[in-house]
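Asks: Kindly generate the corresponding structure for this input.
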Amino acid sequence: MRKKLISLTMAASMLIMALAGCGNGTQSISQQTGNAGSSSEEESDSESNTIEMADASEVSGTTISFWHSMGGVNGEAINTLVEKFNSENEYGITVDAQYQGEYDDAINKLKSAQIGNMGADLVQIYEIGTRFMMESGWIVPMQECVDQDEYDVSQIEPNLAAYYTIDNTLYSMPFNSSTPLMYYNKDMFEKAGITEIPDSLEEIAEIGQDLLDKGGAGEVISLGVYGWFFEQFIGKQGLNYANNGNGRDDLATAVEFDTNGAAKNLLEQWKNLSDLGFAPNVGRGGDAGLADFSSGKSAITLGSTASLKQILQDVNGKFEVGTAYFPKVKESDEGGVSIGGASLWALNNNDPKKLRATWEFVKFLISPESQAYWNAETGYFPVTVEAHEEEVFKQNIEQYPQFQTAIDQLHDSSPEYVGALLSVFPEARATVESEIENMLNGKKSVDEAVTDMAQSINKSIEEYNLLNME
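Replies: Here you go, the predicted structure:
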């Protein structure tokens with residue numbers, strides 16, 4: 001039976017919080033606390049609470065706090081949208097947007113805030129924080145807002161909504177979503193006489209020498225050691241990262257990438273590229289390989305779709321940048337990519353007016369007009385399908401046709417490859433990256449790296465479950 005979170009960072013807030021929902025008009029909503037499982041047995045363990053929702057006409061003068069993790073140009077885009085909402089919304093709502101630092105900083109500040117009073121009404125949390133947020137008891141599932149307002153969720157890109165949907169409940173609203181792409185130097189490929197773009201690590205190994213000898217590449221692929229890439233390579237094999245349906249059918253109790261062969265398949269190909277001299281260790285993180293590519297040193301790199309504009313700006317016409325789907329591990333693999341980025345979570349402040357105001361702001365952020373602007377300014381996917389009809393979106397695709405690759409890849413990936421949910425994902429990613437580096441640096445064999453990463457992550461999962469579930 002599902003246990004409720006009892007960790008020290010949550011205990012105080014769990015004693016006083018009653019989950020709420022958003023609605024259209026004054027209504028009563030019955031909601032289950034911490035419902036993150038799928039079985040009727042688990043649901044029977046939930047506590048039911050009923051509150052009333054304010055009507056939109058009653059929220060004039062309401063101020064809500066929005067915590068986000070968007071800095072730089074992304075932060076400027078956020079501020080523009082907030083200012084537009086504050087000046088144009090008909091309900092008299094004011095949004096106070098507050099930058100909280102990187103994703104890890106934001107979720108840690110949120111954890112600290114829950115010991116006392118709520119720090120925010122709406123928070124932006126990265127995708128690997130999804131399972132934690134679901135189980136926290138701090139949130140109002142967006143599905144409550146959707147149901148009570150009779151919002152048409154078909155407006156949301158299905159593969160984006162799928163990540164944050166468990167048991168037909170949309171827990172948070174997709175906002176800044178991305179997938180990884182393969183970027184390649186078209187000029188080098190042309191010089192090397194390569195006309196067919198590789199779609200797997202296996203194929204990259206086959207053309208690597210030509211890229212070095214004929215294409216003028218200093219590196220074949222600048223492949224950053226990044227946990228997100230590791231997860232994507234598993235999904236491209238059509239295999240699971242963790243058990244219990246990737247932690248979506250039920251709480252994950254162990255990883256599965258060691259027993260299903262996914263990690264070994266990947267690391268063998270990665271080590272082969274390294275041994276051939278095609279994939280040197282360029283460091284950890286999703287941006288680790290971008291500098292070598294943009295400078296014209298490497299022929300291929302992997303990066304987020306949200307990196308496209310930065311790459312084009314850094315290349316600055318030195319060569320033509322091509323984009324392709326994120327590569328498979330082996331040519332025979334059949335799978336898909338999952339999204340990264342973050343979503344919007346409504347926090348329960350037991351205040352009907354704030355909940356309603358929060359929902360109105362969320363609807364504004366995912367409107368076609370807002371999403372077309374967001375896409376053009378940041379490179380993240382438009383969450384709303386109808387944003388594709390906005391002139392701003394059309395102009396952006398015309399200016400950056402490479403982004404069409406990202407749209408096509410998203411639509412070609414089945415929701416079944418939506419990715420895993422794991423309460424200890426930040427720690428898991430750090431473990432994966434450390435073990436891959438150990439392998440690349442010759443400290444461990446492929447088998448040792450796989451075994452050690454699995455054992456370490458499984459220990460973290462076990463400890464978390466013992467502490468937080470009953």
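Asks: which parts of stretch 143-153 are buried?
Replies: By 16 or more other Cβ atoms under 10 Å, the buried positions in stretch 143-153 come out as 143-149, 151. Yep, even glycine has a C-beta here, placed from its N, CA and C like the rest.
Asks: Actually, stretch 461-470.
Replies: Buried residues in stretch 461-470, defined by neighbour count with 16+ other Cβ under 10 Å: 461, 464-465, 468.
Asks: Among the residues you listed, which one sits closest to Gly129?
Replies: Closest to Gly129 out of those is Tyr464 (13.3 Å), distances taken as Cβ to Cβ.
Asks: can I get the buried residues of stretch 143-153 in a markdown table with secondary structure and pLDDT?
Replies: Compiled in a markdown table, the buried residues of stretch 143-153 are given as follows (DSSP: H, G, I helix; E, B strand; the rest coil; pLDDT from 0 to 100):
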| residue | secondary structure | pLDDT |
| --- | --- | --- |
| Gln143 | helix | 92 |
| Glu144 | helix | 91 |
| Cys145 | helix | 90 |
| Val146 | helix | 91 |
| Asp147 | helix | 88 |
| Gln148 | helix | 85 |
| Asp149 | helix | 88 |
| Tyr151 | coil | 93 |
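Asks: out of the residues you listed, who's nearest Ser172?
Replies: Distance ranking of the buried residues of stretch 143-153 against Ser172, using Cβ to Cβ, places Gln143 first at 9.7 Å.
Asks: pretty sure that closest one is in contact with Thr169, am I right?
Replies: Yes. With contact defined as Cβ atoms under 8 Å, Gln143 counts as touching Thr169 (4.5 Å).
Asks: ok, the nearest residue to Ile139 once chain neighbours are set aside - contacts?
Replies: Nearest residue to Ile139, sequence neighbours excluded (Cβ to Cβ, 6 or more residues apart in numbering): Trp345, at 5.3 Å. Trp345 is in contact with 122-125, 133, 139, 142, 171-172, counting by Cβ atoms under 8 Å, 6 or more residues apart in numbering.
Asks: Lowest pLDDT pick from the buried residues of stretch 461-470?
Replies: Confidence by pLDDT is poorest for Asn468 among those, given 80.
Asks: how far away is that one from Gly227?
Replies: Relative to Gly227, Asn468 is positioned 22 Å away (Cβ to Cβ, to the nearest Å).
Asks: and if you look at Pro174?
Replies: Taking Cβ to Cβ, one finds Pro174 at 21 Å from Gly227.
Asks: more neighbours, these two?
Replies: For Pro174 versus Gly227, neighbours defined as other Cβ atoms under 10 Å are more numerous around Pro174 (27 against 21).
Asks: Identify the residue nearest that one in space, chain neighbours excluded?
Replies: Closest to Pro174 by Cβ to Cβ, 6+ apart is Leu160, at 4.1 Å.
Asks: Now do the helices in the stretch 351-470 of the chain.
Replies: Using DSSP state H, counting those that start in this stretch, the helices of the stretch 351-470 of the chain run over 352-365, 368-378, 391-399, 403-412, 425-440, 446-468.
Asks: Looking at the ones you listed, which is nearest to Ser112?
Replies: helix 425-440 (15.9 Å).
Asks: Relative to the whole chain's centre, how far out is the closest one?
Replies: The chain centroid and the centroid of helix 425-440 are separated by 18 Å under Cα atoms, centre = their mean, to the nearest Å.
Asks: And that helix, what does it pack against?
Replies: helix 227-236, helix 262-275, helix 446-468 (3 or more Cβ pairs under 8 Å, 6 or more residues apart in numbering; DSSP states H and E).
Asks: and the host helix or strand of Asp96, which residues are buried?
Replies: Using DSSP states H and E, Asp96 falls within strand 94-99. Buried residues in strand 94-99, counted by 16+ other Cβ under 10 Å: 95, 97.
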